[in-house]
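*Asks:* structure for the following, please:
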Amino acid sequence: MRNMLIAITQYQKQAKDFLNLLKDYRNNKAGLIVLIALFAFGFQQGAIGQDTDNIHFRGNISVTNNGLSLIPAFSLNAPAAIFELSFGGERLSFDPEMRFAIDGQPWSFILWWRYKIIKSEKFKLHVGAHPAYIFETIMVEDDNGDMVETMKTNRFFAGEISPSYHFNADNKLTFLYLQGRSLGKGPLAINQFVAFGSSHTNLRLSEKFFLNAKPQLFYLKMNEKDGYFASGSFLIGKKDFPISIGSIISKKIISEIEVDNWIWNISLVYSFNNEFVKRSNPVL
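*Replies:* I've put the predicted structure just below:
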């Protein structure tokens, strides 16, 4: 736990230095520099304080017809490319999520640190925290009095706690509590997200194809408004083949938050999973 807190503190200091670059992304493509720097820092810190010599680097890269977010108000609602990566060891990991509109404009950067507190055969518990940057295009008046497009960066910080009970390797019950707060000069926005669901992986469709299904019910509160929703994510893949087809479906049950009654998408997903061994001396 101490290693996680130290790593998060170090990362926050680095993230503040990069904020000005993020604001200039559209004009000078500084976002590319930010990504490289964040990954380099994350990879360095993700290997610190592990209780194992095994380091993983895995992730999903997907292209979707409709960019959806865990918080519906932060959805892009347009075609998007999403990079979900994870680097670290048995306990501590750096899990950035980089999301872009299909034309390359940034949508959101969510820079997770997660730490696994309990890792028994049946019960697992992890905690996590992240800074996040949500981008939106707004119209502002320039020096000549003309209205021009500019990119606004909304900053947030959030934390989560997530226990899970595992019946076996492919079936588990999950719970997630997440709270986020907006940063900056604007009015304080507090988001609370509570979800209860299950996860079922490697469901056999045939000798070669499988299905992953993750249904859940969740409660969302954004400042004074709240709502109840049902959602599910599904993925159909072929064994020993890195490309699969996924979909997310969400249904509003009762909600004061203004979102569509039904939202859904379909995605083409490329997945990879690599394991590395830390060595104190090079192997010749």
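
*Asks:* pairing partners for the spatially most central residue of the chain in the sheet, please.
*Replies:* Compute the mean C-alpha point of the chain, and by C-alpha atoms, centre = their mean the closest residue is E97, 4.3 Å away. Beta bridges link E97 to E84, I110 when assigned by DSSP bridges.

*Asks:* show the pLDDT at it.
*Replies:* Note for E97: predicted pLDDT of 96.

*Asks:* am I right that it is in contact with A81?
*Replies:* No: if you go by C-beta atoms under 8 Å, E97 and A81 don't touch, sitting 11.8 Å apart. All C-beta spots, glycine's among them, are computed from the backbone N, C-alpha and C.

*Asks:* lowest-pLDDT helix or strand in this structure?
*Replies:* The least trusted helix or strand in the chain, going by mean pLDDT, DSSP states H and E, turns out to be helix 25-28, with a mean of 42.

*Asks:* just to revisit the earlier point, list the contacts of the residue nearest to the centre of the chain.
*Replies:* Neighbouring residues of E97 by C-beta atoms under 8 Å, 6 or more residues apart in numbering: I82, F83, E84, L85, S108, F109, I110, L111, W112.

*Asks:* give me the number of residues near the fourth one?
*Replies:* Using other C-beta atoms under 10 Å, L85 has 20 other residues around it.

*Asks:* going forward, count from 38.
*Replies:* Yep, numbering from 38; the last one is L122 now.

*Asks:* and it, how far is that from Y202?
*Replies:* Per C-beta to C-beta, to the nearest Å, L122 is found 27 Å from Y202.

*Asks:* try the first one
*Replies:* Separation of I119 from Y202 (C-beta to C-beta): 28 Å.

*Asks:* again, but for the fifth one
*Replies:* Taking C-beta to C-beta as the measure, S145 and Y202 are separated by 30 Å.

*Asks:* just the buried residues from the contacts of E134, in ChimeraX please.
*Replies:* Entered in ChimeraX, the line below selects the buried ones among the contacts of E134, by 16 or more other C-beta atoms under 10 Å:
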select :119,121,122,145,146,147,148,149
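
*Asks:* reformat the contacts of E134 as JSON lines; add distance to V296 and pLDDT.
*Replies:* Output for these, formatted as JSON lines (distance: C-beta to C-beta, whole Å; pLDDT from 0 to 100):
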{"residue": "I119", "distance to V296": "20", "pLDDT": "97"}
{"residue": "F120", "distance to V296": "25", "pLDDT": "96"}
{"residue": "E121", "distance to V296": "23", "pLDDT": "96"}
{"residue": "L122", "distance to V296": "28", "pLDDT": "95"}
{"residue": "S145", "distance to V296": "17", "pLDDT": "93"}
{"residue": "F146", "distance to V296": "22", "pLDDT": "94"}
{"residue": "I147", "distance to V296": "19", "pLDDT": "94"}
{"residue": "L148", "distance to V296": "25", "pLDDT": "94"}
{"residue": "W149", "distance to V296": "24", "pLDDT": "95"}
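
*Asks:* could you export the contacts of E134 as CSV, including distance to N208?
*Replies:* Putting these into CSV (distance: C-beta to C-beta, whole Å) gives the following:
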residue, distance to N208
I119, 26
F120, 28
E121, 22
L122, 26
S145, 31
F146, 33
I147, 27
L148, 30
W149, 25
